[in-house]
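sequence below, structure please.
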Amino acid sequence: MAIEMYKDIIKITVPTPFPIGDVNTYIVKGDRLTLIDAGIRTEEADAALKAGLKNAGYEASDIEQVVLTHHHPDHIGLLDQFNVHIYGHEYAKNWLSYNEPFMQWRKVFFLALFKEFGIPADKYKMAANLEKALSFGSQRSRLSGFLKEGDTVPGLPDFRVFETPGHAQSHLVFYREKDGLLLAGDHILKTVSSNPLIEPPMEVGGERSKSLLQYHHSLKKIMDLDISHVMTGHGNDLSSIKPLLQRRFERQHERAMLVLSMLQSRPMTMFELCIQLFPEVYEKQTGLTLSETAGQVDYLLQQGSIRADRAEDGAIYYYGA
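Purely as a prediction, here's the structure:
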């Protein structure tokens, strides 16, 4: 557990059991004492957050509201500790309190996607991997209000809301123009590029979002802001983002060219590509690896470098154009 100070903001770092490591939460002093994100639901994280609050001179009961950057379990897990107003993107409402109708639709969505991706029926058990992280999230909390592009954060009128879908469909960042401070959540991280994850659309029956393409658009939007300092959801702060993001765009293009070379040798389904790209981990890290593979394919389709054809069994094959 570590605490750092930045003007009117206190960073509290708490552990997670995930490969990404510790997650950052922030106390922001404003018209209301605000907690940005709420860690993960484990005993270790709960103890670390309470210790961080205490070291900063507060208790959980002093927090007057919670504002979410996005709905992932390591950012909403301890919401149930706070009996206060909670604000976030409308999409996040379905993930708080484990909204049962939405979660059933989520299962239907992923099973249909597995068929489209060409995953054999005997591998559908991998869908269980998509459920594992959900137990670390909030169990009872609900959003008190929705935040959208251009809003100011309730109780923190200097912070403007920007919608930044990609890593999560609910992702928001908060920008303070007067000093160029960005509370970035997982949108921008210092040492790794955030995974643009496949998530079901908010409305039943909708198509999957092109998460990597969304993510690129969201990054470019933020690059247009006059940012002097970035506080992130994991890891250390950043002071310069444009060179970092430009390198990440270049590396992304290189990864896509690798996938293109595979498809120029023979047509493959999304699942076949996934196995080629992640032979050691695709079964254990189903969501991450399929999302990464789909992102490369979406990128190449947008570039016109590949084409798609649906087979009689519903699986889609991709070919070098």
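
can you list the weak-confidence ranges in this structure?
1-5 (pLDDT under 70).

how far out from the middle of the chain is the helix ranked longest in it?
Identified as the longest helix of the chain according to DSSP state H is helix 242-265. In this view, helix 242-265 has its centroid 20 Å away from the chain centroid, taken as Cα atoms, centre = their mean, to the nearest Å.

who does the next helix or strand after it pair up with?
Elements were assigned by DSSP states H and E; along the chain past helix 242-265, the next helix or strand is strand 268-269. Strand 268-269 pairs in its sheet with strand 316-320 (antiparallel), by DSSP bridges.

ok, residues contacting the strand it pairs with?
Here strand 316-320 makes contact (Cβ atoms under 8 Å, 6 or more residues apart in numbering) with 116-118, 260, 263-264, 267-270, 273, 297, 300-301, 305-311. (C-beta placed from N, C-alpha, C; glycine too.)

what's the angle between the longest helix of the chain and strand 316-320?
If you take axes from the mean of the first three to the mean of the last three Cα atoms, to 10 degrees, helix 242-265 sits at 100 degrees to strand 316-320.

now do helix 242-265: everything it contacts.
Helix 242-265 is contacted by residues 188, 190, 193, 212, 216, 219, 223, 238, 268, 273, 276-277, 293, 296-297, 299-300, 303, 305-306, 318-320 when judged by Cβ under 8 Å, 6+ apart.

tell me which of these fall in helices.
Counting by DSSP H, those place 212, 216, 219, 223, 273, 276-277, 293, 296-297, 299-300, 303 in helices.

any quick ChimeraX command for the buried ones out of those?
Restricted to buried positions by 16 or more other Cβ atoms under 10 Å, the ChimeraX selection for these reads:
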select :212,216,219,273,277,293,296,297,299,300
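
pick out the most distant pair among the ones in helices among the contacts of helix 242-265.
Greatest spacing in these, by Cβ to Cβ: Met223 and Gln276 (32.1 Å).

distance of His217 from Gly155?
29 Å (Cβ to Cβ, to the nearest Å).

next one: Val28
Look at Val28 and Gly155: by Cβ to Cβ, they are 9 Å apart.

ok, Met103 next?
31 Å.

same check, this time on Tyr319
Tyr319 is 53 Å from Gly155, where distance means Cβ to Cβ.

so these two - more neighbours on which side?
Between Tyr319 and Gly155, Gly155 has the larger neighbour count (other Cβ atoms under 10 Å), namely 17 against 13.

quick check: closest non-adjacent residue to the more buried one.
Nearest residue to Gly155 in three dimensions, chain neighbours excluded: Arg32, at 3.2 Å (Cβ to Cβ, 6 or more residues apart in numbering).

what do you get for Asp309?
Tyr317 (5.3 Å).

the one you found: neighbour count?
Tyr317: 17 surrounding residues under other Cβ under 10 Å.

what secondary structure does Leu182 sit in?
Taking DSSP: H, G, I helix; E, B strand; the rest coil as the rule, one finds Leu182 in the strand state.

burial of it, as a residue count?
For Leu182, the tally of surrounding residues (other Cβ under 10 Å) stands at 24.

next one: Lys11
By other Cβ under 10 Å, the residues close to Lys11 number 20.

that one: what secondary structure?
Counting by three-state DSSP, the backbone at Lys11 sits in strand.

okay, it and Ile188: tell me how far apart.
15 Å.

before we move on, back to that, would you mind writing the ChimeraX command to select the buried ones in the contacts of strand 316-320?
Burial among these is assessed by 16+ other Cβ under 10 Å; the matching ChimeraX selection reads:
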select :116,117,118,260,263,267,268,269,270,273,297,300,301,305,306
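
distance from the chain centre to stretch 235-255, please.
Using Cα atoms, centre = their mean, the distance from the centre of stretch 235-255 to the centre of the chain it belongs to is 17 Å.

that one: which residues count as buried?
Going by 16+ other Cβ under 10 Å, stretch 235-255 has these buried residues: Gly235, Asp237, Leu238, Ile241, Leu245, Arg248, Gln252.

run a quick neighbour tally on the closest residue to Gly206 other than its chain neighbours.
In space, and not counting its chain neighbours, Gly206 is closest to Pro200: 7.6 Å by Cβ to Cβ, 6+ apart. If you count neighbours by other Cβ under 10 Å, Pro200 ends up with 23.
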